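>>> Sequence below, structure please.
(one chain, ligands or ions: 1)
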Amino acid sequence: MEIVAVPAFSDNYIWLVHDDESGETAVVDPGDAAPVLTEAERRGWTIGQVWNTHWHPDHTGGNLALKQATGARISGPARESIAGRDVALEEGGEVRIGRHVGRVIEVPGHTLGHIALIFDEERVAFVGDTLFAMGCGRLYEGTPEQMYRSLQRLSQLPGDTRVYCAHEYTLSNALFAAHAEPDNGAIADRLELVKSMRDAGQITVPTTVSQERETNPFVRSTNEQEFARRRAAKDSFRS
Ligand SMILES: [Zn+2]
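This is a model prediction of the structure:
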């Protein structure tokens, strides 16, 4: 399973997923169709599926154009209104590309129906706007309790699971993380690494579950109350 980042808007990543064996290609959270179609064409890949993690337009805005251009089948969260959805996904469901199977888990918090796709065998997770490198999504619809539980579920995946989130927010997240846990050496080290990667124009995603356990102040919150305090502090944090 090959996974390619397609940058969109100012800081979104749309993920192109290709299985060489079957020749199938899927796209995760296409906020915009044009850059995805261009990248797929450049690689000689034909998009057959769209997988959405949640309804926000910067994740679904390209759904209908992609469907029109390719006939792609659209799978998205059952509990949300998803443009062009053909398949409704809920806890315990799955997506497939070739012989690879992605398990659906519900991770409410950023939105109420938000889902993540977990490819256990491949150690890959598509998490949308739930877990970010050193951060987490804003609570637009859910409660701190819901998001805390969602992050706990994701952080209990095997440590070498690669986490594909949908935004390049790592530098601002790292600055907050260093503020939230000033004595955490792993956070300080990662902040320096992220600064140099961004200066060099590199992307900082995917991350891994084990990196997040060590450096993500939201994953590291010891209870819901601490998580809620940190999330509120990040909302008003200016680096
Ligand atoms: Zn979102």
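
>>> ok but residue 173 is inside a helix, no?
Yes. Counting by DSSP: H, G, I helix; E, B strand; the rest coil, one finds residue 173 located in a helix.

>>> how about the closest residue to it other than its chain neighbours, what does it touch?
Once flanking residues are discounted, residue 173 sits nearest to residue 135: 3.3 Å by CB to CB, 6 or more residues apart in numbering. (Glycine included, C-beta is placed from N, CA and C.) Contacts here follow CB atoms under 8 Å, 6 or more residues apart in numbering; on that basis residue 135 touches 169, 170, 172, 173, 176, 177, 216, 218, 234.

>>> what about residue 196, neighbour count?
Neighbours of residue 196 under the rule other CB atoms under 10 Å: 10.

>>> Look at it and give its secondary structure.
At residue 196 the chain is in helix, as set by three-state DSSP.

>>> What's opposite the most centrally placed residue in the chain in the beta bridge?
The chain has residue 165 as the residue nearest its centroid, 2.4 Å off, counting by CA atoms, centre = their mean. Note on residue 165: beta-bridge partners residue 128, judged by DSSP bridges.

>>> returning to what we had before: which of the contacts of residue 135 sits closest to the ion?
Taking CB to the ion as the measure, the ion lies nearest residue 169 of the contacts of residue 135, at 11.4 Å.

>>> Please verify my assumption that the closest one contacts residue 11.
Yes. Counting by CB atoms under 8 Å, residue 169 does reach residue 11; the two are 6.7 Å apart.

>>> Narrow the contacts of residue 135 to those in strands?
Applying DSSP state E to these, no entry is found in strands.

>>> Thanks a lot, see you next time.
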